[in-house]
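A.B. asks: Sequence and predicted structure are below.
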Amino acid sequence: MSLSLYDTSVGVFIRQLKNLSAVLQKAETWCDDNGKPHAELLEARLSPDMYPLTSQIRLAARWARNGALLNEGYAFKATDGKPELRHTFAELQQLVHDAMEFLQAVRPEDIAGAENRPVSVWSSGEEGQGHNVKLDAGHKLLSQVIFPNFWFHDSMAYAICRMKGVPVGKLDFLMGGAGPVG
């Protein structure tokens, strides 16, 4: 059996964004049930020099979208085309939903062959801004840049929720919204 780029990227991102959405829903419910201001959790950070929960969600969604590795004119998208600052649970849920919707529209043939295509992208999404990442194959961009960034921000969002007392566990992270593995 051969494993396609689509299955190892787009399918993975969609599943994990569903889980992230479920964690975010539990976080909002926990705030409401415990009389906690939403902003207290949304602005929480693991460390003063790290991004808050709002940014961790935004960046996880952005890296998932970037992980589509589309063939035609592929470039990092610095934003989703909407305001960068999301301040409410509803806005963050919409951001995650939009990323899932974008990925669900990607067909396997849209990215076929992208794993072997050389890539040169700017980390900011704008030519000349940020770091220029040049790799001889798309699968290296996915495995060395996109996956680590996606999983980092997704994990940090989960960790912030845990740190603040939201009752989420490993199973929420792994299959909270996507359902059982299999």
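C.D. replies: Thanks, I have it.
A.B. asks: list the buried ones in the lengthiest helix in the chain?
C.D. replies: Ranked by residue count, the top helix of the chain under DSSP state H comes out as helix 10-33. For helix 10-33, a neighbour-count test (16 or more other CB atoms under 10 Å) marks 10, 12-24, 26-28, 30-31 as buried. In short, each C-beta sits where N, CA and C put it, glycine included.
A.B. asks: For the next helix-or-strand element following that helix, which outside residues touch it?
C.D. replies: Counting by DSSP states H and E, the element after helix 10-33 in chain order, helix or strand, is helix 38-42. The contact list for helix 38-42 (CB atoms under 8 Å, 6 or more residues apart in numbering) reads 27-28, 30-31, 52-54, 87-89, 92, 160-161, 164, 166.
A.B. asks: Also stretch 150-167?
C.D. replies: The contact list for stretch 150-167, computed with CB under 8 Å, 6+ apart, reads 13, 16, 20, 23-24, 26-27, 30, 34, 40-41, 44-46, 50-53, 56-57, 59-60, 63-64, 67, 168, 172-173.
A.B. asks: on contacts alone, who are the packing partners of the helix or strand bottoming out on mean pLDDT in the chain?
C.D. replies: In the chain, no helix or strand scores lower on mean pLDDT, DSSP states H and E than strand 119-122, which sits at a mean of 79. Judged by 3 or more CB pairs under 8 Å, 6 or more residues apart in numbering; DSSP states H and E, the packing partners of strand 119-122 are strand 132-135, helix 138-141.
A.B. asks: buried sites along it?
C.D. replies: Quick answer for strand 119-122 (16+ other CB under 10 Å): 119, 121-122.
A.B. asks: what about the residue sitting nearest the centre point of the chain, distance to residue 30?
C.D. replies: When CA atoms, centre = their mean is applied to the chain, the residue found nearest the centroid is residue 60 (2.4 Å). Between residue 60 and residue 30 the computed distance is 19 Å (CB to CB, to the nearest Å).
A.B. asks: got it, and residue 103?
C.D. replies: 27 Å.
A.B. asks: repeat for residue 156
C.D. replies: Residue 156 sits 18 Å away from residue 30, going by CB to CB.
A.B. asks: Equivalent analysis for residue 128, please.
C.D. replies: Residue 128 sits 43 Å away from residue 30, taking CB to CB as the criterion.
A.B. asks: now do residue 5
C.D. replies: Residue 5 sits 37 Å away from residue 30, going by CB to CB.
A.B. asks: what number of residues lie near the nearest residue to residue 69 once chain neighbours are set aside?
C.D. replies: Spatial nearest neighbour of residue 69, excluding adjacent residues (CB to CB, 6 or more residues apart in numbering): residue 114 at 4.2 Å. Neighbour count of residue 114, defined by other CB atoms under 10 Å: 22.
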